Structures are given as structure tokens and as C-alpha cells.
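J.: Task: produce atomic coordinates for the following.
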Amino acid sequence: MNYIFKNGLFLFFRIIIVSIMSIIVTVSISVLATAAFTKTTGYKAFVYDDNNKLIDEYTYNYSDGDDKQIEEFESEGYKVNKSYFRTELKGKGYIINQTASQAISVIFLFVFIYNMLFKLGNSDLNLVRTGHKTEDKLKGFKIGIIAVIPAFVLFLIILICGLGVKPDMPIALFTLPNFYVYQILRCISGNVANAGDLNILQYILMFISVFIIPLISHLSYTLGYRDIFVIEKIIYKNNKGKR
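T.: Numbering: from 1, shown residues only. Take a look at the predicted model:
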């Protein structure tokens, strides 16, 4: 049991790393998608004097024609900073953004879990064969369950709050630590921001999402325990096909 708990805790920390990497990837892809699939429509101008004191601000849209105000302010020696507006990311750009960021996050998640659990399963195979360990084919799933206990706790907090204790509790409390499935959770919750606004189906789907890690852990451990080198075979076939 200590072996399962220790590795479950270790897997939990690996998942935190995956979540951080997923945040970076999601933000980066969003910036690229916004630049590629949206356009600038105007800006909000902030006017400063020589002492960097804000003296005026206004909104300008390109559809209004030439910006006469900025010409006047700059001719008088004032400094004007702009904060640009862009069109909403939607359609093909939105789909590409959602799909790409989630796909990369899932790949990160799978690789981080697979590398660890496959090695554990393969090591246990040899130990069981030599009689140094008792077979436990669900060990990978158990390790995965230990790793997602914090996620279960956060889900329960969201559920309890949503049932009336604190309906305005932001569901970001659950989403941020589980950022590796951010786009999936976003599809589940829609435009809902607070726990009290989620319906029963949304709660069920959020609960199911927690089991992604135990399932990947079980699969990875099982492959290692059965001595099935799936990734290695794929790489070998790809290299063989290029020759």
C-alpha cells in the first residue's frame, strides 16, 4: 500500500507539471490563433503629459476614419499609448485553437504518465516472475486514483457549493489545477462561471473527467506489465518506412 501511495503522490506532482505546461501551451496557441484569425478594429488611447500623468483617454475605431484627436495631442507634445481591440476569435480559428491546445495537453499528459507507469509495470513483471512480488493488475489504476484525490476533493467542494452552500464559487477552482483538460472542461461548462449555475449533466461530466488519469495510468501500467512496447513499435515502423 505504501508503494502505491508513494507512486501516486509522485504521479500527482508530475500532473502539476503537466498542468503548468498546458497553461503555457494554451496561452501561446491562443496568442498565435488570435494573431492569425482576427484583425484589429481600433484602440483605446491613453494620453500622458511629460510627467507621465494620465490627462485624457478615448476610444477610436478604424471605421470612424482618421483619428484627429491623436494628431492634436501629439502636436501639443503629449504621449499617446494605445491598447488595441481585435475581433472575436470564432469559426475555424476558434476550432483550431481549442483542438490544438487540448490535443497537445493530452499528449503531454499521456507521455508523462506512460513513461512512469510503463516502467513500474515492466519492473513488476520481472519481480512477479521471480516471486519477489505479488501480482496486482490494478496497481496502475490505484496509483492513478491516489494521484487524483485532490481533484476529487476540489470536485466535491464545487458540488457542495453549487448545491447551495456557496453558489457563487468560481468553477475555476476545479478547472485551473486540471488544466490538462481545460478545453474539455470549457466545453462542459459552456459560459457558466459559478458552481451554482451548473446543471446535473455538467456535474456528471466534470466528475467523469477526473478518471482520465486513472485510466491512462492503468493502460500504461498494463502495457508495461505485459511487456508491450507500443510507442517503441510505432517509432520503429515509422523509421523503417522512411528507409
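J.: CA only for contacts and neighbour counts going forward, please
T.: Will do.
J.: ok, which stretches of this protein are helices?
T.: Per DSSP state H, the chain carries helices over the ranges 2-37, 68-75, 92-129, 139-147, 149-160, 172-175, 182-189, 200-209, 212-225, 230-242.
J.: Return the most buried member of the ones you listed.
T.: helix 139-147 (a mean of 24; mean count of other CA atoms under 10 Å).
J.: Out of the helices of the chain, the one nearest residue 46 is which?
T.: helix 68-75 (9.8 Å; CA to CA).
J.: quick one: which of the helices of the chain has the weakest pLDDT on average?
T.: If you rank the helices of the chain by mean pLDDT, helix 230-242 sits at the bottom with a mean of 59.
J.: just to revisit the earlier point, can I get the helices of the chain in a markdown table with distance to residue 61?
T.: Below are the helices of the chain laid out as a markdown table (distance: least, CA to CA, whole Å):
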| stretch | distance to residue 61 |
| --- | --- |
| helix 2-37 | 18 |
| helix 68-75 | 12 |
| helix 92-129 | 23 |
| helix 139-147 | 50 |
| helix 149-160 | 41 |
| helix 172-175 | 33 |
| helix 182-189 | 31 |
| helix 200-209 | 39 |
| helix 212-225 | 46 |
| helix 230-242 | 52 |
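J.: Contacts for stretch 91-101, please.
T.: The contact list for stretch 91-101 (CA atoms under 8 Å, 6 or more residues apart in numbering) reads 22, 25, 26, 29, 30, 33, 34, 36, 37, 183.
J.: List the residues that contact the last one.
T.: When you say that, I think you mean residue 183. Listed by CA under 8 Å, 6+ apart, the contact set of residue 183 reads 98, 99, 101, 102.
J.: Using JSON lines, please lay out those residues together with distance to residue 53.
T.: Listed next are the contacts of residue 183 as JSON lines, based on distance: CA to CA, whole Å:
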{"residue": "98", "distance to residue 53": "41"}
{"residue": "99", "distance to residue 53": "44"}
{"residue": "101", "distance to residue 53": "40"}
{"residue": "102", "distance to residue 53": "43"}
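J.: Report the outermost residue of the chain with respect to its centre.
T.: Relative to the centre of the chain, and counting by CA atoms, centre = their mean, the farthest-placed residue is residue 76 at 47.9 Å.
J.: Tell me how far residue 116 lies from residue 178.
T.: Noted for residue 116: a distance of 19 Å to residue 178, by CA to CA, to the nearest Å.
J.: Right, I'll leave it there.
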